[in-house]
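Peer 1: here you go, sequence then predicted model.
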Amino acid sequence: MPSVNREDERVGQYSYTEVSTFQISEGNTRNMAPEPVKSGRIFLAAVAANLSAFVVGTTLGWTSPIGPKLKAEDTSDSPLSRPITSDEDAWISSLIAIGALVAPFAAGPLADRIGRKWVLLSSSLFFVLAFGLNMVASEVWILYLSRLVQGFGVGFVMTVQPMYVGEISTNNVRGATGSLMQLFIVAGILYVYAIGPYVSYQALQWCCIVVPVVFDVVFYTMPESPYYFAGKGRKTEALRALQFLRGQSADGVHDEMAEIQANVEEAMANKGTMMDLFKNAGNRRALFICAGLISFQQLSGINVVLFNSQSIFESANTGLDPAIATIIIGCVQVASSGLTPLVADRLGRKVMLLCSSSVMSIGLAALGWFFYKQLVHNDISSVVWMPVPALILYNIVYCTGFGPLPWAVLGEMFPANIKSSASSLVASICWTLGFLVTYFYPSLDALGSYYAFWLFGGCMIVAFFFVLFVVMETKGLSLQEIQDRLNGKRD
């Protein structure tokens, strides 16, 4: 029987051997009743990590209240000495996507080198710098630089946060914790929607810069992913992290720790590269599913809606204050996003994605019809009520389906040895399309807003059939069971 050193005594009754397994060193407790998992610990860590998503939301919603200030003829509440042009407005909206599509290729490898936790904490540096640049911006190019830097922070968060949350969660709550990202993003968007129209330009920057600081303070107290520690050979720290997350003793986490260790050892023995995403049939299928879901998420036109909500309502001219209408939309996003963690592990990812894509296409078709009546027939008397409920419907089903679930699926689809590479590639695909959609929207809008919204609606019809025939249900499956099914293995 191996001896127990002092460090092992502090963390429990198990002593790791040199072959990366652990054995019971003081009696056999395996026949005792299993200890219950304290899921509240998992949600505590997931919520702390998702404060970074709240920061992302502030950057995504920032242009909605700031755009009208920058475009106004009266520049008293603008850092610039002149109104921005439509082309400059397009660049300010879309440059965040350029930074976000580049950053994952640094964030993924860093997550494997220094840990998921420290990469998420470091993302705050980009956001603080960006909002600081906004405060001193006297030329448009400084705003361009700020949005690019914000994009780097967004790329770090969107790449690593799904990895962290997926790895700390148990099978039965992974859908719920994975869905929290969307809830916190839209909460961040609502934060700037509600504050932005009623405070000065400079005051909004201060309101935004405090959020990443709060995130760092809170998340610093949370544990690193046990998978990361195990992969680095830091087995005692992996056990401690898992005990904290499960609220159990070393006996209670014995089986899960053994499974994590086995998965990590297999991943280390078969260290993956970007090319392994394409060599293995299961990895190819996972990449096709995740890249497809993320692509349709962006082709739904969500960034156009988020970045231009206030301008869309001004163009609609429904008689409702655009700032109030935008806040209503933000509240709807938060309320509907709050439903997803409650039902994701009950209804399943596939059912929710099917409902989301079908209903979003209806909302986009209705919005396109409104602008068609306005621009072609110059008569909206019969449909003046339509934009607000259409956007409310669109946002409800987006926030319960295509908003959170592609990221939740990304966090559970890939084996540990290529997870960082896969996350980097999929996040870059997301933001490449995000840039293209956001940048070219003003050109489509110039032809007629209805063209853009009908195009987005058509994409969601295609998304429905993609989910129906291609996407695999992952509800209730362990990470290993997901890999088995992707590779054609059945129980």
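Peer 2: Happy to help now that I have it.

Peer 1: mind checking the pLDDT average for the helix or strand hosting Arg485?
Peer 2: Assigned by DSSP states H and E, Arg485 falls within helix 479-486. For helix 479-486, mean pLDDT is 84.

Peer 1: again with stretch 322-341
Peer 2: Stretch 322-341 shows an average pLDDT of 79 in the prediction.

Peer 1: CA atoms only: put that stretch into CSV for me.
Peer 2: Only the C-alpha atoms of stretch 322-341 are listed here, as CSV (Å, rounded to 0.1, in the frame of the first residue of the first chain):
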residue,chain,number,x,y,z
PRO,A,322,-36.7,54.7,-29.8
ALA,A,323,-34.7,54.6,-26.6
ILE,A,324,-37.7,53.2,-24.7
ALA,A,325,-38.4,50.6,-27.5
THR,A,326,-34.8,49.5,-27.3
ILE,A,327,-34.9,49.1,-23.5
ILE,A,328,-38.1,47.0,-23.9
ILE,A,329,-36.2,44.7,-26.4
GLY,A,330,-33.3,44.5,-23.9
CYS,A,331,-35.6,43.5,-21.1
VAL,A,332,-37.2,40.8,-23.3
GLN,A,333,-33.8,39.5,-24.2
VAL,A,334,-32.8,39.1,-20.5
ALA,A,335,-36.2,37.5,-19.5
SER,A,336,-36.1,35.0,-22.3
SER,A,337,-32.5,34.2,-21.9
GLY,A,338,-33.2,33.4,-18.2
LEU,A,339,-35.6,30.6,-19.4
THR,A,340,-32.9,28.7,-21.3
PRO,A,341,-30.9,27.4,-18.4
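
Peer 1: what are the buried residues along the helix holding Arg485?
Peer 2: Leu479, Ile482, Gln483, Arg485, Leu486 (16 or more other Cβ atoms under 10 Å). C-beta here means a position set from N, CA and C on the backbone, and glycine is covered the same way.

Peer 1: distance to Thr438 added to these, as TSV?
Peer 2: Below are these laid out as TSV (distance: Cβ to Cβ, whole Å):
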residue	distance to Thr438
Leu479	34
Ile482	32
Gln483	35
Arg485	36
Leu486	32
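
Peer 1: what sits against the residue nearest to Gly247 when sequence neighbours are not counted?
Peer 2: Leaving out its chain neighbours, the residue that sits closest to Gly247 by Cβ to Cβ, 6 or more residues apart in numbering is Lys38, at 2.9 Å. Contact partners of Lys38, counting by Cβ atoms under 8 Å, 6 or more residues apart in numbering, are Arg246, Gly247, Gln248.

Peer 1: Lys38 and His377, how far apart?
Peer 2: 60 Å (Cβ to Cβ, to the nearest Å).

Peer 1: these two touch, right, Gln261 and Gly233?
Peer 2: No. Under the criterion of Cβ atoms under 8 Å, Gln261 makes no contact with Gly233, lying 10.3 Å away.

Peer 1: more crowded one of these two?
Peer 2: Comparing Gln261 with Gly233 by other Cβ atoms under 10 Å, the one with more neighbours is Gln261, at 22 against 12.

Peer 1: need the pLDDT of that one.
Peer 2: At Gln261, pLDDT is 84.

Peer 1: list the contacts of stretch 333-341.
Peer 2: Contacts to stretch 333-341, defined as Cβ under 8 Å, 6+ apart, come from residues 175-177, 179-180, 182-183, 185-187, 189-190, 352, 395-401, 403-405.

Peer 1: list the buried residues for that stretch?
Peer 2: Within stretch 333-341, the residues that count as buried by 16+ other Cβ under 10 Å are Gln333, Val334, Ser336, Ser337, Gly338, Thr340, Pro341.

Peer 1: give me phi/psi at the second one?
Peer 2: Dihedral angles of Val334 (phi, psi; degrees, to the nearest 10) stand at phi -70, psi -50.

Peer 1: where in the stretch 1-150 of the chain is pLDDT low?
Peer 2: Residues of the stretch 1-150 of the chain meeting the criterion pLDDT under 70: 1-34.

Peer 1: again, but for the stretch 201-350 of the chain
Peer 2: Scanning the stretch 201-350 of the chain for pLDDT under 70 picks out 267, 269-272, 306-320, 344-345.

Peer 1: which SSE is Ala452 in?
Peer 2: Using DSSP H and E, Ala452 sits within helix 449-469.

Peer 1: and that helix, what's buried?
Peer 2: Buried residues in helix 449-469, counted by 16+ other Cβ under 10 Å: 449-454, 456-457, 459-460, 463-464, 466-467.
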